[in-house]
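Asks: Here is my input; please provide its structure:
(4 chains)
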Protein chains: 2
Amino acid sequence: MKIGELARRTGLTAHTIRYYERIGLLPFAIRDHAKQRDYDGSILPWIGFIGRLKTTGMPIRDMLRYATLRAQGDATAAERGALLEQHRARVRHHLAELQACLVVLDTKIAGYAGSARGSAGDAGGSKGMEPHHDAIQQGTREPVRAGPARPL
Amino acid sequence: MKIGELARRTGLTAHTIRYYERIGLLPFAIRDHAKQRDYDGSILPWIGFIGRLKTTGMPIRDMLRYATLRAQGDATAAERGALLEQHRARVRHHLAELQACLVVLDTKIAGYAGSARGSAGDAGGSKGMEPHHDAIQQGTREPVRAGPARPL
DNA sequence: GTAGGTGTTCGAGCGCGCTCGAAGTCAAGG
DNA sequence: CCTTGACTTCGAGCGCGCTCGAACACCTAC
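Replies: Residues are numbered from 1 along each chain as shown, chains lettered A, B, ... in the order given. Coordinates of the predicted model:
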């Protein structure tokens, strides 16, 4: 399999695949007579797993650590397991946060739906807002004016 | 409330708060006699909400859109509602993805735990891997060698 | 009066994860 | 033979979301 087909099958771009190889996230691919990368199917599960780590927000440097340990063989299994367990804990935490945020979002949206016609006012529950780090206690109403939003 | 206290209460840095004001995500704060920003508590729920949008992965430009609509008053309520609904759909989708990934992670970790001592081999289920975009069908085993991981 | 602490503006820089373009090589098809 | 197209390497550039430092202003306490 050449890089183009691998790209098609993984949803990555050829550029990205080469980039992953460059940084060591993918093994150095065997080249054919014309010095082109020649993949076999065994790379696919690994790329799939990388994709899942990425989806769950693992930074590349951690994936790299995992990949490196993997390359070192069975002796590193325990460390790899620990790494994944830490990651899982982070993912679970994030998941819980997301669920909490979803509830707030639901409330907010319900507020907008409720005030469908006529004076809308402050949609959704404007209390119980949690800050970035659980630091907000006080709460009145959200401000109505926002600055003259530059195009960024 | 001066910017330092607001920073403490929100978990943001003063730098970040100024940045948010600059780009229009926070309203232009009233300045006191010494031209220092003087906040009242009404900003807190808004910052809290921004934090939640951020947690759920909304890009700043979308928050900006929301903030701008908000600034335009009740007439934009419907559009704001739609915006949040779209966002909610994305968050739900992402949540589902995360949960699926968590299952895979669990399996993998169970595999590492199972092979605690002795020959570890390929920990976790090495089948059923989904690619980045559901494009991988084929699957054998993950590669063992990874390139000489450059420091990136 | 002076030191310390907190604030101000401005613009540059950073870390991440790609993304892209240039210039060249190679093989197959008409 | 010549075109087409997929590949190669290399290095620069980008979009995002901050992050930081410089140089200066101001208030308060000693």
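Asks: now the longest helix seen in chain A and helix B:77-114, what's the angle there?
Replies: Assignment by DSSP state H gives helix A:77-114 as the longest helix of chain A. Between the axis of helix A:77-114 and that of helix B:77-114 there is an angle of 160 degrees, by axes from the mean of the first three to the mean of the last three CA atoms, to 10 degrees.
Asks: Going by neighbour count, list what's buried in helix A:77-114.
Replies: Of the residues in helix A:77-114, A:77-78, A:80-81, A:83-84, A:87-88, A:91, A:95, A:98, A:101-102, A:104-105, A:108-109, A:111-112 count as buried by neighbour count, 16 or more other CB atoms under 10 Å in any protein chain shown. For the C-beta atoms, the positions are set from N, CA and C on the backbone; glycine is no exception.
Asks: Excluding chain neighbours, what is closest to A:Y112?
Replies: Excluding its sequence neighbours, the residue lying closest to A:Y112 (CB to CB, 6 or more residues apart in numbering or on different chains) is B:G81, at 3.2 Å.
Asks: How about A:D40?
Replies: Nearest to A:D40 is A:M1, by CB to CB, 6+ apart, at 6.6 Å.
Asks: how is chain A carved up into domains?
Replies: Domain ranges of chain A: A:1-55, A:60-114, per automatic domain parsing.
Asks: Make a markdown table from those and add mean pLDDT and distance to B:W46 to it.
Replies: As requested, these are arranged in a markdown table below (pLDDT from 0 to 100; distance: least, CB to CB, whole Å):
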| stretch | mean pLDDT | distance to B:W46 |
| --- | --- | --- |
| domain A:1-55 | 97 | 30 |
| domain A:60-114 | 96 | 12 |
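Asks: want to throw those domains into TSV with distance to B:R22?
Replies: Rendered in TSV, the data for the domains of chain A read as follows (distance: least, CB to CB, whole Å):
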stretch	distance to B:R22
domain A:1-55	31
domain A:60-114	25
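Asks: circling back to that earlier point, what's the burial count for the residue nearest to A:D40?
Replies: The local packing count at A:M1 equals 17, with neighbours defined by other CB atoms under 10 Å in any protein chain shown.
Asks: which stretch of helix or strand covers the residue of chain A found nearest DNA strand D?
Replies: With distances taken as CB to the nearest atom of the strand, chain A approaches DNA strand D most closely at A:G4, which sits 2.3 Å away. Remark: A:G4 resides in helix A:3-10, with elements defined by DSSP states H and E.
Asks: Against which helices or strands is that helix packed?
Replies: Based on contacts counted as 3 or more CB pairs under 8 Å, 6 or more residues apart in numbering or on different chains; DSSP states H and E, the elements that helix A:3-10 packs against are helix A:14-23, helix A:43-55.
Asks: hey, C-alpha coordinates of the shortest one in PDB?
Replies: Only the C-alpha atoms of helix A:14-23 are listed here, as PDB (Å, rounded to 0.1, in the frame of the first residue of the first chain):
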ATOM      1  CA  ALA A  14      -0.300  12.000   3.100                       C
ATOM      2  CA  HIS A  15       1.400  15.100   4.500                       C
ATOM      3  CA  THR A  16       0.200  14.200   7.900                       C
ATOM      4  CA  ILE A  17       1.400  10.600   7.600                       C
ATOM      5  CA  ARG A  18       4.800  11.800   6.600                       C
ATOM      6  CA  TYR A  19       4.800  14.200   9.500                       C
ATOM      7  CA  TYR A  20       3.900  11.400  11.900                       C
ATOM      8  CA  GLU A  21       6.700   9.400  10.600                       C
ATOM      9  CA  ARG A  22       9.100  12.300  10.900                       C
ATOM     10  CA  ILE A  23       8.300  12.800  14.600                       C
END
